[in-house]
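Asker: Sequence and predicted model, in that order:
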Protein chains: 2
Amino acid sequence: MAIKKTDVATGQASMKQVADAAGVAVSTVSRALANPGRVNEKTRKRILEAAQTLGYTPNAAARSLRKGRTGAIMIVLPGQLFHGASQVIPLVLAGIDRFLAAHGYNILIANLDRDESSEAHIVNLASNGSVDGAIIISSGIPQTSQKSLTQTGLPIISALHDLSHHGIPSVITNESEVMGKMTELLAQQGHRQFFYVAGPQGMYHERVRLDGIRQGIAQADLPAGSLRKSQGLRPYQEGFQIGVDAADMFLDFAQRPTAVMCCSDDAALSFIAKLTTSGLRVPEDVCVVGFDGSAVGAFVNPSLTTIAQPAEAIGSKVAELLTRQLDGEHVPMVTQLDSAIVRRQSA
Amino acid sequence: MAIKKTDVATGQASMKQVADAAGVAVSTVSRALANPGRVNEKTRKRILEAAQTLGYTPNAAARSLRKGRTGAIMIVLPGQLFHGASQVIPLVLAGIDRFLAAHGYNILIANLDRDESSEAHIVNLASNGSVDGAIIISSGIPQTSQKSLTQTGLPIISALHDLSHHGIPSVITNESEVMGKMTELLAQQGHRQFFYVAGPQGMYHERVRLDGIRQGIAQADLPAGSLRKSQGLRPYQEGFQIGVDAADMFLDFAQRPTAVMCCSDDAALSFIAKLTTSGLRVPEDVCVVGFDGSAVGAFVNPSLTTIAQPAEAIGSKVAELLTRQLDGEHVPMVTQLDSAIVRRQSA
DNA sequence: GTCGTTTTGGCAAACGATTGCCATTAAAGT
DNA sequence: ACTTTAATGGCAATCGTTTGCCAAAACGAC
């Protein structure tokens, strides 16, 4: 603490220094910068010049301490990100980023993983005033043994997962409906036996997509037994292994289904690769459809029929809802956007 | 400002409230929490209990204002992230995250894009005291018309790009050497004409990799004219289009090269797809190798020969160097880690 | 019981910005 | 010229922590 007040070499310039340089009080500097009309245009210009010369940047900690807001939004990711070809999460992020940046918010990515320490970190960020709101992407509510994110009182919106029953406004897609439509389409093409390459059992997406398939099968007047599924022991991040495991199971069937629907494009790609290696032809012998609409799907052989979610739109919608909530508006508990079937060679 | 000091309903509990509840002064609470030995074990226990009951979490803004440090490290991404199958950046991130989390730092992802406003945002974060250090991943130095990141005085480390000539310690791989080795390997297999599917012209990676290929060609006693290359008009993010464009060029050659090396796996995948569609066989007619070691490469047909960078190791190394620099240690300007050739079917 | 030493806890000053309130000055109205 | 009103700038409190310094209390040695 031997540093003198007037020390200029200490990296950043403070408002005090700008004030001294311009010959005014700090309060005037503050107003000149934030409150356009409040200070005489002439002094204001002098202050701006001084700030410019000193390379002044307002200190974030001091500002948010005083204002009680930080202008930052926390993004909670589903964890162990990006281990496949799927681009859904990055695109959602891009949508969020675009909207929030345009509205003067910063985004703060809270986690790259979802282990115990990450959960603690997330809840802590929410509790210690680092952020003004949170967006949960495609996952459940972060919580530690002590406290859950909802208990922090922070405004939260969920993307891709329906968490409305926990009181969290959610932006989701009609994935159930689209899966049903896809099933009907395949049935119309003459398929009678279906196989679903499942993601992690019991997860939200799995429940609703499976529901959709079952409805599609009923709609096509086929027996419920027309659908078989893989076990669903792995998380989405292990998409390629999901496909490989499922292919092993598939190849062992005495009577093989002819239409295969996968929980992700990653799973579909490795599933197809394994089938091809075993001498089966896609789509001649077996039709395979993915899920996600990954860009890579257009550049593989055969190109991949899949379901594309409006990922970027979901992102900006979620961001919009959060900012509206921060402004005290009331937002709908469920917002639904439409996914689309992308028809290519594999089905 | 009509809120009374004693107002408890205001969300977060403050240290003052904990102090009151425990019947001590705030300074004692602070010491009890941070400075184990400094306060009597009995009062300490009472304070911890009070904190627990009130759900106290120290305010981040206040703490960092006082301490002058935030405990956060800024990550600068190369922009428009993750539009292909490459996993390099995410893996580097994972490595960074693991190391920094273990050492008590938070990570703050500064940008998802790299446009003008992102650059400004990055420089601003560095200037306003939000972070203690920065890691630049595979890109140049962020700068606005006013100020560059280096001028903020913030400790910086670079990953994947060699920025040592700007005074920034850098962790890179031997990509030049490996490309040379790969070229020699192909020459040994009998290939005499090479084609390089180029990334954005003039970029660091492009220069060193091309150098490596040229050296490999010289090493194999082949004329410099054995190497042709595509134009390199697109950024890495448009990897699939890079491959498609290059394939168009390739197919137009009167005398086609038989060995193709690509700047990314994305480019290799779409290049192969286009060739296959045009009736060429890989690897029988043309050998193709990628770059990145993407997971998807093992699950396509033919599976992709590629070069895998030690991405996660790079991440943790970069993080380690930064923490050491923050502790006042001197760190080497260049650290090099080894990439490896992954031999699969496409070459 | 006295004196010296070590614990232990509190006071108050920072950190850097924002903002309510007041004093001064300038402009306008009569 | 005198009063009223508006414009302008400064003082000082405040946000929630951390920490140097000091005083009180506890302890030990004699």
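Answerer: Nice, thanks for sending it over. Residues are numbered from 1 along each chain as shown, chains lettered A, B, ... in the order given.

Asker: For B:L125, see how far away the closest residue to DNA strand D within the stretch 201-347 of chain A is.
Answerer: Ranking the residues of the stretch 201-347 of chain A by distance to DNA strand D (C-beta to the nearest atom of the strand) places A:L326 first, at 18.9 Å. (Each C-beta comes from the backbone N, C-alpha and C, glycine too.) In this view, A:L326 and B:L125 are 21 Å apart by C-beta to C-beta, to the nearest Å.

Asker: next one: A:H103
Answerer: 18 Å.

Asker: Comparing those two, which residue is more hemmed in?
Answerer: B:L125 (25 against 14; other C-beta atoms under 10 Å in any protein chain shown).

Asker: does the more buried one belong to a helix or a strand, and which?
Answerer: Using DSSP states H and E, B:L125 maps to helix B:116-127.

Asker: So that helix, near chain A or not?
Answerer: Yes. With C-beta under 8 Å from any C-beta of the partner chain as the criterion, chain A is reached by helix B:116-127 at B:117-118, B:121, B:124-125, B:127.

Asker: Drop anything exposed from the residues you listed.
Answerer: Buried members of the residues of helix B:116-127 next to chain A, counted by 16 or more other C-beta atoms under 10 Å in any protein chain shown: B:118, B:121, B:124-125, B:127.

Asker: okay if I get the residues you listed as CSV plus pLDDT and distance to A:F271?
Answerer: Below are those laid out as CSV (pLDDT from 0 to 100; distance: C-beta to C-beta, whole Å):
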residue, pLDDT, distance to A:F271
B:S118, 93, 38
B:H121, 95, 41
B:N124, 95, 46
B:L125, 95, 43
B:S127, 95, 50
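
Asker: ok, so of those, who is nearest B:G290?
Answerer: Closest approach between those and B:G290, by C-beta to C-beta: B:S118, at 28.6 Å.

Asker: For that closest one, give its distance to B:Q143.
Answerer: For B:S118, the distance to B:Q143 - C-beta to C-beta - is 11 Å.

Asker: A:M261 too?
Answerer: A:M261 is 49 Å from B:Q143, by C-beta to C-beta.

Asker: Could you tell me which ranges of chain A sit under the pLDDT cut-off?
Answerer: For chain A, the stretches with pLDDT under 70 are A:1-11, A:80-84.

Asker: Quick check: residues of it near DNA strand D?
Answerer: Proximity of chain A to DNA strand D, by C-beta under 7 Å from any atom of the strand, involves residues A:1, A:23-28, A:37-44, A:62, A:65-66, A:68.

Asker: which of the residues you listed are buried?
Answerer: Neighbour-count burial (16+ other C-beta under 10 Å) applied to the residues of chain A next to DNA strand D gives A:24, A:28, A:39, A:43-44, A:62, A:65.

Asker: which among those residues gets closest to DNA strand C?
Answerer: DNA strand C has its nearest neighbour among these in A:A62, at 3.3 Å by C-beta to the nearest atom of the strand.

Asker: show me what contacts the residue of the stretch 151-300 of chain A found nearest DNA strand C?
Answerer: The minimum distance from the stretch 151-300 of chain A to DNA strand C, using C-beta to the nearest atom of the strand, falls at A:P155 (19.7 Å). Contacts here follow C-beta atoms under 8 Å, 6 or more residues apart in numbering or on different chains; on that basis A:P155 touches A:132-134, A:322, A:325-326.

Asker: Spatially, what comes nearest to the residue nearest to the spatial centre of chain A if we skip its sequence neighbours?
Answerer: With distances taken as C-alpha atoms, centre = their mean, A:I137 lies nearest the centre of chain A, 3.7 Å away. Of all residues not flanking A:I137 in the chain, A:A159 sits nearest, at 4.9 Å (C-beta to C-beta, 6 or more residues apart in numbering or on different chains).

Asker: Look up how far DNA strand D lies from the one you found.
Answerer: Distance from A:A159 to DNA strand D, counting by C-beta to the nearest atom of the strand, to the nearest Å: 31 Å.

Asker: so that residue bridges to which residues?
Answerer: Here A:A159 sits in beta bridges with A:I137, A:V171, going by DSSP bridges.

Asker: Let me see the contact set for it.
Answerer: With contact set as C-beta under 8 Å, 6+ apart, A:A159 has these partners: A:92, A:96, A:135-138, A:170-171, A:314-315, A:318.

Asker: try 7 Å
Answerer: Residues counted as contacts of A:A159 (C-beta atoms under 7 Å, 6 or more residues apart in numbering or on different chains) are A:92, A:135-138, A:171, A:314-315, A:318.

Asker: Can you give me the domain assignment for chain A?
Answerer: A:1-60, A:72-172+A:311-337, A:175-308 (automatic domain parsing).

Asker: So for B:D252, which of those domains sits nearest?
Answerer: Closest approach to B:D252 among the domains of chain A is made by domain A:175-308 (19.9 Å; C-beta to C-beta).

Asker: got the end-to-end distance for that closest one?
Answerer: Start-to-end span of domain A:175-308 (C-alpha to C-alpha, to the nearest Å) is 10 Å.

Asker: so, in contact with chain B or not, it?
Answerer: Yes. Domain A:175-308 reaches chain B (C-beta under 7 Å from any C-beta of the partner chain) through A:240, A:269-270, A:273, A:276, A:295-296, A:299-301.

Asker: How many neighbouring residues does A:V296 have?
Answerer: 28.

Asker: Could you grab the helix/strand/coil label for it?
Answerer: helix (DSSP: H, G, I helix; E, B strand; the rest coil).

Asker: Grab the nearest non-local neighbour of it.
Answerer: Nearest residue to A:V296, sequence neighbours excluded (C-beta to C-beta, 6+ apart): A:A85, at 4.4 Å.

Asker: State the number of residues packed around the one you found.
Answerer: A:A85 has 32 neighbours, counted by other C-beta under 10 Å.

Asker: Secondary structure element holding it?
Answerer: Using DSSP H and E, A:A85 sits in no helix or strand.

Asker: Touching, it and A:G293? I think so.
Answerer: No. Judged on C-beta atoms under 7 Å, A:A85 makes no contact with A:G293 at a distance of 10.6 Å.

Asker: the strands in the stretch 1-150 of chain A, which residues?
Answerer: All strands of the stretch 1-150 of chain A, identified by DSSP state E, counting those that start in this stretch, fall at A:72-76, A:106-109, A:133-137.

Asker: List the buried residues for stretch A:217-224?
Answerer: For stretch A:217-224, by 16+ other C-beta under 10 Å, it's A:217, A:220, A:222.

Asker: Could you dump the residues you listed into TSV and include secondary structure?
Answerer: Putting these into TSV (three-state DSSP) gives the following:
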residue	secondary structure
A:I217	helix
A:A220	coil
A:L222	coil
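
Asker: Identify each buried residue in stretch A:333-341, please.
Answerer: A:335, A:339, A:341.

Asker: next one: stretch A:205-219
Answerer: A:205-206, A:208-210, A:212-217.

Asker: now do stretch A:230-247
Answerer: For stretch A:230-247, by 16+ other C-beta under 10 Å, it's A:230, A:232, A:234-247.

Asker: now swap in stretch A:164-177 and tell me
Answerer: A:168-177.
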